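> For reference, the sequence and a predicted model appear below.
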Amino acid sequence: MPGRRAGIAFALGILALAAVVAIEAARIPQSAYAVVGPRVFPFAVAALLGLLGLLLLIQALAGHLRPADFAGEPVDRQAAGWVGLGLFANVALVQSLGFVLASSLLFLCVARGFGSRRPLRDLAIGLLLATLVFLGFSRLLGVRFGGGLVEDLLGGGS
């Protein structure tokens, strides 16, 4: 049954992703004094991914997933390219530009991949969201990010 194999493969992929998120979450430095530290949300995401993966695996093994469940719209390669470019740029530039600027660029590319044609607006939204995330982690949770222009201006870089 091709549908059953596809369902099992998909479920195992989700379970593998959950494992990677959990392993990476365990590598996040934890303060001895933090009640709710920076690991909480990544572990919650890993747990939810693991639960979804298990539920999908149960459905696949029971034969409840059909090949049609995995047949969707054709892949929009240009959109996927924009999202991939954003992810690659974020990883490549986060050390040199800092979290805020690299994440803003990621937001811009993902918005473009989803069809936005307003790059200045998207960049402004990305800057706002990334700055709020940075401030939340650095000021509220005490998590130190690497340095960057914006991080140095806001006083939360390491």
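That came through, no problem.

> quick check: domain ranges of this protein?
2-70, 77-154 (automatic domain parsing).

> How far away from the center of its chain is the first one?
This points to domain 2-70. Centroid separation between domain 2-70 and its chain, computed with Cα atoms, centre = their mean, to the nearest Å, is 13 Å.

> cool, the last one as well?
Using Cα atoms, centre = their mean, the mean C-alpha position of domain 77-154 is found 12 Å from that of the whole chain.

> Between the two ends of it, how far is it?
This stretch, domain 77-154, spans 38 Å end to end (Cα to Cα, to the nearest Å).

> What average pLDDT does it get?
Taken as a whole, domain 77-154 carries a mean pLDDT of 90.

> which residues are in contact with the helix or strand hosting Glu151?
In this structure, Glu151 sits in helix 149-154 according to DSSP states H and E. The contact list for helix 149-154 (Cβ atoms under 8 Å, 6 or more residues apart in numbering) reads Leu97, Gly98, Phe99, Val100, Leu101, Thr131, Phe134, Leu135, Ser138, Phe145, Gly157. Where you see a C-beta, it was placed from the backbone N, CA and C, and this is true even at glycine.

> Same question for stretch 13-21.
With Cβ under 8 Å, 6+ apart as the criterion, stretch 13-21 contacts Pro42, Val45, Ala46, Ala47, Leu49, Gly50, Leu52, Gly53, Leu54, Leu56, Leu57.

> Would you mind listing the buried residues in that stretch?
Ile14, Leu15, Leu17, Ala18, Val21 (16 or more other Cβ atoms under 10 Å).

> Please report the distance of the last one from Arg39.
When distances are taken as Cβ to Cβ, to the nearest Å, Val21 and Arg39 turn out to be 11 Å apart.

> now Pro30, what's its secondary structure?
Residue 30: Gln, not Pro. coil (DSSP: H, G, I helix; E, B strand; the rest coil).

> distance of it from Gly50?
Computed as Cβ to Cβ, the Gln30 to Gly50 distance reads 21 Å.

> ok so, going back, which of the contacts of helix 149-154 sits closest to Asp76?
Using Cβ to Cβ, Leu101 comes nearest to Asp76 of these, at 27.0 Å.

> burial count for the closest one?
Using other Cβ atoms under 10 Å, Leu101 has 21 other residues around it.

> Then Pro42?
16.

> now Pro38, nearest residue through space, not along the chain?
Among residues not flanking Pro38 along the chain, Val143 sits closest, at 4.6 Å (Cβ to Cβ, 6 or more residues apart in numbering).

> Noted, bye for now.
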